[in-house]
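Asks: Give the three-dimensional model of this entry:
(2 chains)
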Amino acid sequence: MGSAHGPISVGSAGTQSRGEVWTRPVLVDGDQSLGAVTRRVCDVVEAPKPPRAWYIAITISASLTLMLFGMVVYLIATGVGVWGNTNPVFWGWDIVNFVFWVGIAHAGTLISAILFLLRQKWRTSVNRAAEAMTLFAVCCAGMYPAIHVGRIWVAYWLFPLPNQMQMWPNFRSPLLWDVFAVSTYATVSLLFWYMGLVPDLATLRDRAVTPLRRRLYGFFALGWRGSARHWQRFERAYLILAALATPLVLSVHSVVSFDFAVSQVPGWHTTIFPPYFVAGAIFSGFAMVVTIMVPARELFGLRDLVTMKHLENMNKVILATGSMVGLAYATEFFIAWYGGNAFERFTFLNRALGPYAWAYWIMIFCNVVAPQFFWSKSIRTNPWLMVGVCILVNVGMWFERFVIVVTSLSRDYLPSAWGYFKPTPIDICTFIGTLGLFFTLFLLFCRYLPMVAIAEVKTVLPDAHAHDEHGHAGGAAHGRSPEVQHV
Amino acid sequence: MSEPIPTTDERGELHGFVAEFDDVTSVTRAARAVRDAGYQKFDVYSPFPIHGIERAMGLRSTHLPWIVLVCGVSGLGLALLLQYWTNAVDYPFKISGKPLFGIPANIPITFEVTVLLSAFAAFFGMFVLNKLPEHHHALFEHPRFRRATDDGFFLAIEAGDTRFDSKRTRELLQSLTQHPVVACHAARGGDHAPSWIRVGGIAVALIALLPLAAAVAARTGDTTKPAFHIVNDMDSQARFRAQVANPVFADGRAMRPDPAGTVAFDGLIEDPVVLTGKRGDAWTTTMPVAVDARVLARGRERFGIYCAPCHGGAGYGDGLVANRAKDLQEPNWVPPASLHDTLVRGRALGQLFDTVRNGVRTMPAYGRQMSVEDSWAVVAYVRALQRSQNGTPADVPEAKQAELGAR
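Replies: Prediction:
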């Protein structure tokens, strides 16, 4: 035990050419023992009191959440007229914020599923928090379609339930696809997150000193006891869920983009929307993960687990997806000109030079220019500078949705029907309230659940591997005893 | 070593022997040794999945992927069936003349439902196959077993194994580890949730079924009462109803009388025959307005707008609306009359005019959409249409009859 991670030759004997040597990468810093990882993560949850900054943060965010509830009650009691949505812009901040939050929700599952399939082991330190962030962002996103229907008590018409009108929803409408995509995504993300959490809840259960904690964590740990047979199915289920979540995550923002692309509004009716939305979603999601992980790791002393390497990798993803988004903006412009459609051309010129030009150029600066700073290693590895860039990216991605939704609607085919959208204070407070809800949930998560996937991080430690031989060679070398085949 | 242990004692039934290990290497080696000794009911417990342990233990791979596949495929089928039945059979959606069921537009939902059911299968399948949740287990009685979720490794051989022998099994395990081997007992009688939790749970589940039951009852039963709405916001609107007092106006009436000088609809036409189609008590059989090519053209145009959707361009009762109703086999639909029925052809001009203005039986009135002049134009056109579809050789002017025979 304890022999450090020296060069290890890999692969079953004979399949690898001799002399090929691979160094197992060091993915976490500090004390590498199994117990140390457990302690470092659980200490956050078990500390008698969280840091003072936590109290300040949760006071602010919980008050904003209360304000959100107030706004929603007011909206439901009064009607959607309290928002700025009106002729010709009937999709205002509600849809802008919906798309904004759904986009953010993409990073979590991307990190947990796609990076898992690509065997990017560095993900283990950040996937738990990113998945939690996904869920909380989906909460904020899912709220908007529910409340924006106005008569919220008939929102169940969105689902194919038998009703007194003897009618069914139209399954060929992108809006219904959206309902299915977002609710499937929320459900699958929840299952994925919870499944990964079960072994760690068992750890908390087994460390609990008060009966209340033992019962509560124990209830949700479902009696997990780390059996090898259980782990075998667990890992298989995890792999399957990852394989399912990968196309799912790509489909969700594609479907969201269909809400626009399937319509005939100039500026929306383009085939580039699905890939462009997905790239933007990953971009904004990673930016949000970095924005909240940097303060969280400082606050809760997780710097050894969530290392600079992790943050740097995420910043590289942001740089790559940010450039894709920039390319998409350029392509849209080119196609508007090249396609020769007068309305399309007008729409794009109007975006850049019309009444919303201010929003357009904020978007360009934040989404295309800001991430380019990450070419510099010193910026990409400086915690506070990267948070600055990521906040800009979040602002930029909000403005992207604003530009898409509002500019196209405010000036479409008929100049006589043009208008200028102005949000009301209710719009603004509702949006700020969702930020409060998001951070409240995240702060509660940090305090009461393991922020880092303990069991998963252990698998990348040097102690996770047998030393006399390599896992791959295991059974093969000894052969399978036939009578144990059919357990 | 020690005395053989009886399989049941005051501590409950013997579950098995548990050996503790400090690292992956030794527990993997031990698993292989236990497997090679022929044991089957044994298990390794570790804080994280150990790479290669299933080979060392000789475990078969799991059925889970097959379960997921079956659920995924049923999700796919169910989604297609749901969309087909709801949108093409039970409530056919006709949108821009597109087919009722076309795969491309139904793919997104099919995909989502497939993924959803597969994910349910993977998640619930894993826990069911693992027989979880199982909040109480004999191993939890082991004083150090909680290390299994931290940094300890354990191997347990269960008493139910055919090769289990309280002496030899214990010796085998002890030879593999320097920690003492411990016997674990299933706690006697088990530890169940308090009965109030179970009773309460059942009660909540039953209450949760009530709304569903009410919905089913409402859907299947017959009633003369109006539909039940939970939120009747459409019934209570912020407006004044007829015949109520309204303090806004000096006279306190909510229903406003016509402002002075208002002329009623068509109020400037004075001839009662033109207005009603009646001459005295009888329908007029002559046109009370002049008919020329311009009037007929106007009538044809109005007919195309107001009548053809039901009666069809040629008046046979085969308009778009009628055809759609026929396609859908609407039960309460009365087909529009063919204007070439002998009965309809025999109607006096005045009566046709009245049909247009005021409707007839199930046919709606068009008096509000069309002016009196236009209504007469339509009547003239309908008559012309009837003549055109029911002509006889005698209708042809004598001078031209010879040409008819020549053809």
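
Asks: Counting neighbours, what do you get for whatever residue of the stretch 251-400 of chain A ends up closest to chain B?
Replies: Nearest to chain B, among the residues of the stretch 251-400 of chain A, is A:V255, at 5.6 Å (Cβ to the nearest Cβ). Glycine gets a C-beta too; all of them are placed from N, C-alpha and C. As a burial measure, A:V255 scores 28 neighbours (other Cβ atoms under 10 Å in any protein chain shown).

Asks: Make sure it is indeed in a helix.
Replies: Yes. A:V255 sits within a helix when classified using DSSP: H, G, I helix; E, B strand; the rest coil.

Asks: so it makes contact with A:L176?
Replies: No. Using Cβ atoms under 8 Å, A:V255 makes no contact with A:L176, being 9.9 Å away.

Asks: Quick check: buried residues in the helix or strand hosting A:L241?
Replies: Per DSSP states H and E, A:L241 falls inside helix A:228-261. By neighbour count on 16 or more other Cβ atoms under 10 Å in any protein chain shown, the buried set for helix A:228-261 is A:228-246, A:248-261.

Asks: Test for you: state the pLDDT assigned to the residue of the stretch 251-400 of chain A closest to chain B.
Replies: At A:V255, the model reports a pLDDT of 95.

Asks: residue contacts, it?
Replies: Under the criterion of Cβ atoms under 8 Å, 6 or more residues apart in numbering or on different chains, the contact list for A:V255 reads A:174, A:177-178, A:180-181, B:108.

Asks: what stretches of chain B score poorly on pLDDT?
Replies: B:1-11, B:187-193, B:266, B:405-407 (pLDDT under 70).

Asks: and the residue of it nearest chain A?
Replies: Counting by Cβ to the nearest Cβ, chain B gets nearest chain A through B:R55, at 2.6 Å.

Asks: burial of that residue, as a residue count?
Replies: B:R55 has 21 neighbours, counted by other Cβ under 10 Å.

Asks: Remind me which helix or strand it belongs to.
Replies: Per DSSP H and E, B:R55 falls inside helix B:53-57.

Asks: Mind giving me the packing neighbours of that helix?
Replies: Under the contact criterion of 3 or more Cβ pairs under 8 Å, 6 or more residues apart in numbering or on different chains; DSSP states H and E, helix B:53-57 touches helix A:228-261, helix A:474-478, helix B:24-36, strand B:42-45.

Asks: C-terminal to the longest one, what's the next element?
Replies: If you walk from helix A:228-261 toward the C-terminus, the next helix or strand you reach (DSSP H and E) is helix A:273-299.

Asks: And the following helix or strand past that next one, what's buried?
Replies: Moving toward the C-terminus from helix A:273-299, the next helix or strand (DSSP H and E) is helix A:308-338. Residues of helix A:308-338 classed as buried: A:309-311, A:313-315, A:317-326, A:328-329, A:332, A:335-336 (neighbour count, 16+ other Cβ under 10 Å).

Asks: helix or strand right after helix A:308-338?
Replies: Using DSSP H and E, the helix or strand that follows helix A:308-338 in sequence is helix A:342-353.

Asks: Quick one: name whatever helix or strand follows that next one.
Replies: Moving toward the C-terminus from helix A:342-353, the next helix or strand (DSSP H and E) is helix A:357-364.

Asks: Show me what the next helix or strand after that next one is packed against.
Replies: Using DSSP H and E, the next helix or strand after helix A:357-364 towards the C-terminus is helix A:377-380. Under the contact definition 3+ Cβ pairs under 8 Å, 6+ apart, helix A:377-380 sits against helix A:308-338, helix A:383-402.

Asks: Tell me which residues are up against the helix or strand B:V70 falls within.
Replies: For B:V70, the host element (DSSP H and E) is helix B:64-84. Taking contacts as Cβ under 8 Å, 6+ apart, the residues outside helix B:64-84 that touch it are A:160, A:171, A:233, A:236-237, A:240, B:101, B:106, B:109-110, B:112-118, B:120-122, B:125-126, B:129.

Asks: quick check, distance from that helix to the centre of its chain.
Replies: The chain centroid and the centroid of helix B:64-84 are separated by 17 Å, computed with Cα atoms, centre = their mean, to the nearest Å.
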